[in-house]
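# Here is my input, please return the structure:
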Amino acid sequence: MPESFHFLQPLWFWALPPALLVLWLLHKQGEKSTAWQRVCDAGLLPYLLTRPGSGSSKLPLWLLGIGWLLAVIALADPVWEKQPQPVFRNEAARVVVLDLSNSMLSPDLTPSRMVRARFKVADILDQDLDGQLGLVVFAGDAFVVAPLTSDAETIRALLSPLEPGLMPSQGSRVDLGLKRRGSC
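Here you go, the predicted structure:
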């Protein structure tokens, strides 16, 4: 637990040396003779001063010093939270290009090629891959369904409504799908 204690703004501690200097100067000024001691006769001073022989009270200096210290500690922002550590983040980007032509409705694979393709994309999303993932669909033309994102659940939510009937023109232009992946 003590190892997680730290200050978010530790540069505020640079305000402590000037405070010590100010307090020291005020303390030295209080030790010097007062204005009355310079003007009046030393024999009359005990009758003029309320507390003869005692210098000025040091309580205001102590209060000033403690207040300054507490203010600096508060401004340094002490926390018990864990400090974020810089970690390596994989910036690799992968784009899945999915065929939505009418040939995906063929029943040669059960239940259909389209359902199998959705399962395969879901398997890719289930893998714990670093980086970002995007989704492009194609038939007669290509469209970006999901731009690059690190949120696999977004792409998973977009998979189920994808079907060949959504495409405005039919065909099997894989080349357009591969070109479109570059604009993810």
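
# Going by C-alpha atoms from here, please, whenever you check contacts or count neighbours.
OK.

# Helices along the protein, start to end?
Per DSSP state H, the chain has helices spanning 16-31, 35-39, 45-48, 59-75, 113-126, 152-159, 174-180. These are given in chain order.

# Could you chop this structure up by domain?
What automatic domain parsing lists as the domains of the chain is 2-79, 93-183.

# thinking again about what came up before, of the helices of the chain, which approaches Phe5 most closely?
helix 59-75 (13.0 Å; CA to CA).

# Now do that closest one: which elements does it pack against?
helix 16-31 (3 or more CA pairs under 8 Å, 6 or more residues apart in numbering; DSSP states H and E).

# other SSEs contacting the helix it packs on?
helix 59-75.

# that older thread, got a markdown table for the domains of the chain, with distance to Val87 too?
Output for the domains of the chain, formatted as a markdown table (distance: least, CA to CA, whole Å):
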| stretch | distance to Val87 |
| --- | --- |
| domain 2-79 | 18 |
| domain 93-183 | 13 |
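
# Now render those as CSV, adding mean neighbour count.
Formatted as CSV, the domains of the chain follow (neighbours: other CA atoms under 10 Å):
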stretch, mean neighbour count
domain 2-79, 12
domain 93-183, 16
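
# hey, least reliable of these by pLDDT?
Sorting the domains of the chain by mean pLDDT places domain 2-79 lowest, at a mean of 80.

# tell me how far that domain is from the chain's mean position?
In this view, domain 2-79 has its centroid 39 Å away from the chain centroid, taken as CA atoms, centre = their mean, to the nearest Å.

# and if you look at stretch 96-110?
Relative to its chain's centre, stretch 96-110 lies at 43 Å (CA atoms, centre = their mean).

# ok, and what's touching that stretch?
Contact with stretch 96-110 is made by 112-114, 116-117, 121, 133-140, 162-165, 167, 170-172, 174, 177-178, 181, as judged by CA atoms under 8 Å, 6 or more residues apart in numbering.
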